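what follows is a predicted structure for the sequence shown.
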Amino acid sequence: MRWHIRILSVMCLWLTAAAASYAQDTSAQEAKKAKLEREIAIIDKQLAENASRSNAMLSNLTLIRKKISNRKALIAESDREIRRYNDQIYLKQRQINRLQARVDTLKNHYSKLVLCAYKSRDSRIWYMYILASENLGQAFRRYSYFKNLSSQMNEEAKAIKAAQEELRQEREKLSQMKREAQAVRTQRQKELQSLNAEEAQANKVVKNLQKNKKIYQKQLSDKKKQVNALNKEIERIVAEAMKKSQGTKPKEPIDYKLAEEFSKNKGKLPWPAEGPVVGKFGKQYHPVYKNLELPPNNGIDIAVSKGTEAKAVFKGVVKQVFVMPGYNQCVLVSHGNYFTFYCKMKTVNVKAGDKIDTGEVIGTVDTINGETQLHFEVWLNTKPQNPQSWLR
């Protein structure tokens, strides 16, 4: 009997752990899906705002392709969710089958007890049965059996009732699982239809871009000039800050303790603003003219809703606030020998010399040429880093 109890205890612990893990996975999955859906909503707003702008083709293509990427991720999440539901439904059905077998066994046993009670209804029969015992011990056991028969029947009836109620509850849970799984399948089908429409939209934009190569080459040339100007200005500011921190008596010594704290938080920093990344770090090529190199991106571009606030990713000191063509206001924050840049700001709430904390509002993001995007960079000394490897 003890080994049965041990097995049941182990199974209970395993099921509890599995349930907790399942809840965590579901919560993480729901959070991921919600984030993807919020990003799609932001992209939809920007596409709607760009609808009347004839020079927004390239920006629109970038947004649509990011939207397609998010849509595919949503479909992949739905597929995982459906597989999980299928597994849960399979296990639940097995549990129901076992419960049904238990109910059947209990009912069978109960019917035998009823039959036995019926046969023993005449007191003379069971008196004779007791008197026919071979010894006193057997007589006592037979007496106890008849005495406890009624009590046993009551207990069996209660057990059957409890098992039937448990079976009813588990069947209801199974029905609920099936309804939820069907809802996910229906939503997946809608996502698939949206994906097909978005891919058709992207193909249409590509064809329009292919017709006007010279126009977009001119726009690209102007963009390169703006990017190069920003990169040179940032390099100059960082070099100047590093120069002030060097020498036997530096004017502004590097806070290496702060730099170490910043370094330890790689991959854990909060995002400066919520939205999809529509411009990645490093060398990129034109999405249509594959041999046409785009200006190198020393940071990332995050599409956001109008009025979005940009927030500091880590505590530090504001080194400089400056204005650049195509980027409007930019804010440089020092974290020891690490630096973060926040560009394309409409309003700025800080000034040079201010000490700021993690999550403190730096300002609001501007809309430039129909694009509401935060340009964000991370530097170590005079070398740009990939911001996405620093953000959580």
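Perfect, I can see it now.

check which helices and strands the helix or strand encompassing residue 263 sits against.
Here residue 263, judged by DSSP states H and E, is contained in helix 256-264. Judged by 3 or more CB pairs under 8 Å, 6 or more residues apart in numbering; DSSP states H and E, helix 256-264 is in contact with strand 328-335, strand 338-348. All C-beta atoms are positioned from the backbone trio N, CA, C, and that covers glycine.

using PDB, write out every CA atom in that helix.
The C-alpha coordinates for helix 256-264 follow below in PDB (Å, rounded to 0.1, in the frame of the first residue of the first chain):
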ATOM      1  CA  TYR A 256      34.600  53.300 -14.400                       C
ATOM      2  CA  LYS A 257      32.300  52.000 -11.700                       C
ATOM      3  CA  LEU A 258      29.300  53.200 -13.700                       C
ATOM      4  CA  ALA A 259      30.800  51.800 -16.900                       C
ATOM      5  CA  GLU A 260      31.100  48.400 -15.100                       C
ATOM      6  CA  GLU A 261      27.500  48.500 -14.000                       C
ATOM      7  CA  PHE A 262      26.400  49.300 -17.500                       C
ATOM      8  CA  SER A 263      28.500  46.500 -18.900                       C
ATOM      9  CA  LYS A 264      27.000  44.000 -16.500                       C
END
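
quick one: that helix to strand 338-348, angle?
90 degrees (axes from the mean of the first three to the mean of the last three CA atoms, to 10 degrees).

surely residue 389 and residue 265 touch.
No. Counting by CB atoms under 8 Å, residue 389 stays clear of residue 265, with 11.8 Å between them.

buried set for the helix holding residue 263?
258, 259, 262 (16 or more other CB atoms under 10 Å).

show me where the chain has strands.
With DSSP state E as the criterion, the chain has strands at 277-279, 299-303, 309-311, 316-324, 328-335, 338-348, 355-356, 361-365, 367-368, 371-380, 383-385.

for residue 196, find the nearest of those strands.
Counting by CB to CB, residue 196 lies closest to strand 277-279 out of the strands of the chain; the figure is 21.7 Å.

so what strands line up beside the closest one?
Paired with strand 277-279 in the same sheet, following DSSP bridges, are strand 299-303 (antiparallel).

off-centre distance for the strand it pairs with?
20 Å (CA atoms, centre = their mean, to the nearest Å).

and for stretch 282-294?
Stretch 282-294 sits 30 Å away from the centroid of its parent chain (CA atoms, centre = their mean).

just stretch 63-70 next, same as before
17 Å.

what sits up against it?
36, 39-40, 43-44, 46-47, 50, 195, 198-199, 201-202, 205, 276-278, 287, 303 (CB atoms under 8 Å, 6 or more residues apart in numbering).

now a ChimeraX select for only the buried ones of these.
This is the ChimeraX syntax for the buried subset of the contacts of stretch 63-70, where burial follows 16+ other CB under 10 Å:
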select :36,39,40,43,46,47,50,195,198,201,202,205,276,277,278,287,303
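
for the closest residue in space to residue 323 that isn't next to it in sequence, report the pLDDT, please.
In space, and not counting its chain neighbours, residue 323 is closest to residue 329: 5.5 Å by CB to CB, 6 or more residues apart in numbering. At residue 329, the model reports a pLDDT of 94.

next one: residue 308
Looking at residue 308, its pLDDT is 94.

appreciated, that's everything.
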